[in-house]
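Undergrad: Just to be clear, the model below is a prediction. Sequence and coordinates:
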Amino acid sequence: MVLFYLLVLTFVVLVAIGGYDSTMRLIGYGDLTLRYQFIKLRMYFMSLRMKRQLDRDRKELLKYLEKTDG
């Protein structure tokens, strides 16, 4: 409950210092930054999956080429 009061107090202070529009822009920036970090994390895990799949496909291709050459 104390955290909620601190959050409201912080919001009120930001509005008092910078105005409502500036505060909303700051909150919007924080929201976009958080979403972007989440997307970057998802992209990292996607790239790991793609690398693993490409390694498997490469091994299968090399195995296939060794069979057909010999």
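TA: Looks like it arrived, so ask away. Numbering: from 1, shown residues only.
Undergrad: so what's Gln37 up against?
TA: By Cβ atoms under 8 Å, 6 or more residues apart in numbering, Gln37 lies in contact with nothing. Using the backbone N, CA and C atoms, a C-beta is placed for each residue, glycine as well.
Undergrad: Point me to the helix or strand that includes the most centrally placed residue in the chain.
TA: Of all residues in the chain, the one closest to the mean position by Cα atoms, centre = their mean is Phe38, 2.2 Å from it. Per DSSP states H and E, Phe38 falls inside helix 20-69.
Undergrad: Isn't Gln14 up against Leu26?
TA: Not Gln; residue 14 is Leu. Yes. Between Leu14 and Leu26 there is a contact at 6.8 Å, judged by Cβ atoms under 8 Å.
Undergrad: more crowded one of the two?
TA: More crowded of Leu14 and Leu26, by other Cβ atoms under 10 Å: Leu14, with 16 against 12.
Undergrad: residues contacting the more buried one?
TA: Contacts of Leu14 by Cβ under 8 Å, 6+ apart are 22-23, 26.
Undergrad: possible to save these as a markdown table with pLDDT and distance to Arg49?
TA: Formatted as a markdown table, these follow (pLDDT from 0 to 100; distance: Cβ to Cβ, whole Å):
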| residue | pLDDT | distance to Arg49 |
| --- | --- | --- |
| Ser22 | 90 | 41 |
| Thr23 | 90 | 40 |
| Leu26 | 91 | 36 |
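Undergrad: and Met24, how many neighbours?
TA: If we define neighbours as other Cβ under 10 Å, then Met24 has 13 of them.
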